[in-house]
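Colleague: how would this look folded up:
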Amino acid sequence: MPSKHMQALHPQTQAAHGGGATDPLTGGVVPALQLSSTYARDERYALIDPHTQYSRDDNPTYAHAEKLLAVLEGGQEALLFSSGMAGITALFRTLDGGAHIAAPSKMYFGTVLWLKHFAAQRGMGLSLFDPAQSGALKKALNKQTKLVWVETPANPSWDVTDIAEAAACAHAVGARLAVDSTAATPVLTRPLELGADIVFHSATKYLNGHSDLTAGALVTQRKDDLWERVRFQRHHGGAVLGAFEAWLLLRGMRTLFVRVKHSSQSALQLARHFESHPRLERVLYPGLKSHGGHAVAKRQMQGGFGGMLSIQVKGGAAAALKVAKRLQVFIRATSLGGVESLVEHRKTVEGPDSPTPDNLLRLSIGLEAVEDLIADLDQALRRS
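Modeller: Here you go, the predicted model:
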């Protein structure tokens, strides 16, 4: 348990120390890894540690990671899941049949696909609104709306939603607001402070930051009935994170601030360098004044605009794929938020029903020297 002194420190300091991770038994500065799936009881059959019974819910390693994440987001509690989608589905499965959901039409495509299937299966209403259109969210709500989901910045257009405004709209109809803050991370945006009820992370991405685990996380502003239903879903659904993966996640969060800040600085340099490139139709990045969400991003993102941007190549899908083929430093791969820079042709990954433009390449900016990334993209565009 972090000391009172540790709790008073800046989140960046708490992250660097792993939330007070020194092992009290050995003095090790790296958090201990507890792999046990079950825990012994004494001769009176009382638990030796009342907080540990069985690792579906109780494990010191992922409890430690959850406490640190709750601190970073300024929430009361966090829960880890075996994947991002496991966290998303656990939250939505707390809703009763007949409830109405509002969510953006432009966000992670896997979430959109699952929500359509889930709403149809449960007989729920689902309104998909354009996050780039002013007033679209408010028009999507009604008296049956129970949960509003927003993703900001939204993958892969990086549209920005005003979280405070979304919270006011949701609360006005008695709904909760959940924010997918995967791309922003708690380094740049703390949605709970802006009025959100729940924050979601695909912890696979920036929170971990090393492309070596799959995980999801939910953080709540308050421990209420909704949160208890989420806990019930995780317990009985069994979608918990393994202890070793939780240990890796805790390791990743210790460098979160330096990684996100470096990637954000590099992404802004790349976006500015290529904004007027003759081979590109558009550069999509909320740090550019030309981006439709720049003003809101400047207000609610502190210290940077994130490490994600997209480019639209003139000449359609064939031209975009040719650019991806010629990149030598960027790795052609799915996912984002790791130390290595990635390029992805989203249309290929999402399939023919995807609304993503077929000339769009999504770039996840890692920790390489930005000069090498600029040179790599320059040569790929020049030779394509």
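Colleague: what sits against the nearest residue to Ala203 once chain neighbours are set aside?
Modeller: Leaving aside its chain neighbours, Ala203 sits nearest to Ala215 (3.9 Å; criterion: CB to CB, 6 or more residues apart in numbering). (Glycine included, C-beta is placed from N, CA and C.) By CB atoms under 8 Å, 6 or more residues apart in numbering, the residues touching Ala215 are 80-84, 202-204, 207-208, 241, 245-246, 249.
Colleague: next: Asp130.
Modeller: Applying CB under 8 Å, 6+ apart, the residues contacting Asp130 are Pro104, Ser105, Lys106, Ala136.
Colleague: show me how this protein divides into domains.
Modeller: Domain assignment for the chain by automatic domain parsing gives 4-253, 257-383.
Colleague: mean pLDDT lowest where, among these?
Modeller: When mean pLDDT is averaged over each of the domains of the chain, domain 4-253 scores lowest at a mean of 94.
Colleague: residues contacting Gly97?
Modeller: Listed by CB under 8 Å, 6+ apart, the contact partners of Gly97 are Arg122, Gly123, Met124.
Colleague: out of the residues you listed, which end up buried?
Modeller: Buried residues within the contacts of Gly97, counting neighbours by 16 or more other CB atoms under 10 Å: Arg122, Met124.
Colleague: from the contacts of Gly97, which land in helices?
Modeller: Arg122 (DSSP state H).
Colleague: let me have the contacts of Gly97 in a markdown table, adding distance to Pro31 as columns.
Modeller: Compiled in a markdown table, those are given as follows (distance: CB to CB, whole Å):
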| residue | distance to Pro31 |
| --- | --- |
| Arg122 | 40 |
| Gly123 | 45 |
| Met124 | 41 |
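Colleague: ok, the contacts of Gly97 vs Ala167, which is closest?
Modeller: Checking the contacts of Gly97 against Ala167 with CB to CB, the nearest one is Met124 at 21.6 Å.
Colleague: that closest one contacts Ala99, correct?
Modeller: Yes - in this structure, Met124 is within contact of Ala99 by CB atoms under 8 Å, at 5.4 Å.
Colleague: picking that back up, just among the contacts of Ala215, which is most surrounded?
Modeller: Ala203 (31 neighbours; other CB atoms under 10 Å).
Colleague: tell me how far that residue lies from Pro286.
Modeller: 22 Å (CB to CB, to the nearest Å).
Colleague: over to Glu275?
Modeller: 13 Å.
Colleague: thinking again about what came up before, now, which of the contacts of Asp130 lie within helices?
Modeller: Ala136.
Colleague: now, the contacts of Asp130 that are in strands?
Modeller: Cross-referencing these against strands under DSSP state E gives Pro104.
Colleague: hmm, which two among the contacts of Asp130 are most spread apart?
Modeller: Lys106 and Ala136 (10.8 Å).
Colleague: between these two, who's got more neighbours?
Modeller: Between Lys106 and Ala136, counted using other CB under 10 Å, the more crowded position is Lys106 (20 against 17).
Colleague: please give me every residue in contact with the more buried one.
Modeller: Per CB under 8 Å, 6+ apart, neighbours of Lys106: Asp130, Pro131, Ala132, Ala154, Ser157, Asp159, Pro355.
Colleague: switch the cut-off to 10 Å
Modeller: 112, 128-132, 151, 154-159, 355-356 (CB atoms under 10 Å, 6 or more residues apart in numbering).
Colleague: again with Gln144
Modeller: Gly98, Ala99, His100, Ile101, Met124, Gly125, Val173, Gly174, Ala175.
Colleague: now render those residues as TSV, adding secondary structure.
Modeller: Converted to TSV, those look like this (DSSP: H, G, I helix; E, B strand; the rest coil):
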residue	secondary structure
Gly98	coil
Ala99	coil
His100	strand
Ile101	strand
Met124	coil
Gly125	strand
Val173	coil
Gly174	coil
Ala175	coil
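Colleague: give me the contacts around the particular helix or strand that has Gln233 in it.
Modeller: According to DSSP states H and E, Gln233 maps onto helix 225-237. With contact meaning CB under 10 Å, 6+ apart, helix 225-237 is reached by 56-57, 75-77, 79-82, 86-87, 89-95, 146-147, 176, 178, 197-198, 218-221, 223, 239-241.
Colleague: which stretches in the stretch 201-350 of the chain count as strands?
Modeller: All strands of the stretch 201-350 of the chain, identified by DSSP state E, counting those that start in this stretch, fall at 216-220, 280-284, 308-313, 331-332, 342-345.
Colleague: what helices or strands is the first one leaning on?
Modeller: By that I understand strand 216-220. With contacts defined as 3 or more CB pairs under 10 Å, 6 or more residues apart in numbering; DSSP states H and E, strand 216-220 has these neighbours: helix 60-73, strand 77-81, helix 84-92, strand 176-180, strand 198-201, helix 225-237.
Colleague: tabulate those (TSV), appending distance to Ile331.
Modeller: TSV is the format used below for the helices and strands packed on strand 216-220 (distance: least, CB to CB, whole Å):
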stretch	distance to Ile331
helix 60-73	27
strand 77-81	26
helix 84-92	21
strand 176-180	24
strand 198-201	23
helix 225-237	33
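Colleague: which among those is found nearest to Lys322?
Modeller: Here helix 84-92 is closest among the helices and strands packed on strand 216-220 (CB to CB), at 30.9 Å.
Colleague: so which elements touch the closest one?
Modeller: By 3+ CB pairs under 10 Å, 6+ apart, helix 84-92 packs against strand 77-81, helix 109-122, strand 145-151, strand 176-180, strand 198-201, strand 216-220, helix 225-237.
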